[in-house]
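A.B. asks: based on what follows, work out the 3D shape:
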Amino acid sequence: MAKKSKIAKAKKQQETIERYAALRQELKAQKDYEGLRKLPLMLVQND
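C.D. replies: Numbering: from 1, shown residues only. Just a heads-up that it's a prediction; the model follows:
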């Protein structure tokens, strides 16, 4: 079983991913790579 801290970290990461999903799609469509760079790095892992 995972530690409670690992579970909490994964939950926080998932919330962050969901929060920025729409903005991320919009920036990708506009090819605004500078804007994408300003988003949290943990989102990059899910591409």
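A.B. asks: next secondary structure after the helix or strand encompassing Leu27?
C.D. replies: Using DSSP states H and E, Leu27 sits in helix 4-30. Using DSSP H and E, the next helix or strand after helix 4-30 towards the C-terminus is helix 33-37.
A.B. asks: what residues does that next one touch?
C.D. replies: Arg24, Leu27, Lys28 (C-beta atoms under 8 Å, 6 or more residues apart in numbering). The way it works is simple: take the backbone N, C-alpha and C, and place the C-beta from them, glycine included.
A.B. asks: give me that answer again for 6 Å
C.D. replies: With C-beta atoms under 6 Å, 6 or more residues apart in numbering as the test, helix 33-37 has contacts from Leu27.
A.B. asks: in it, what counts as buried?
C.D. replies: Buried residues in helix 33-37, counted by 16 or more other C-beta atoms under 10 Å: Leu36.
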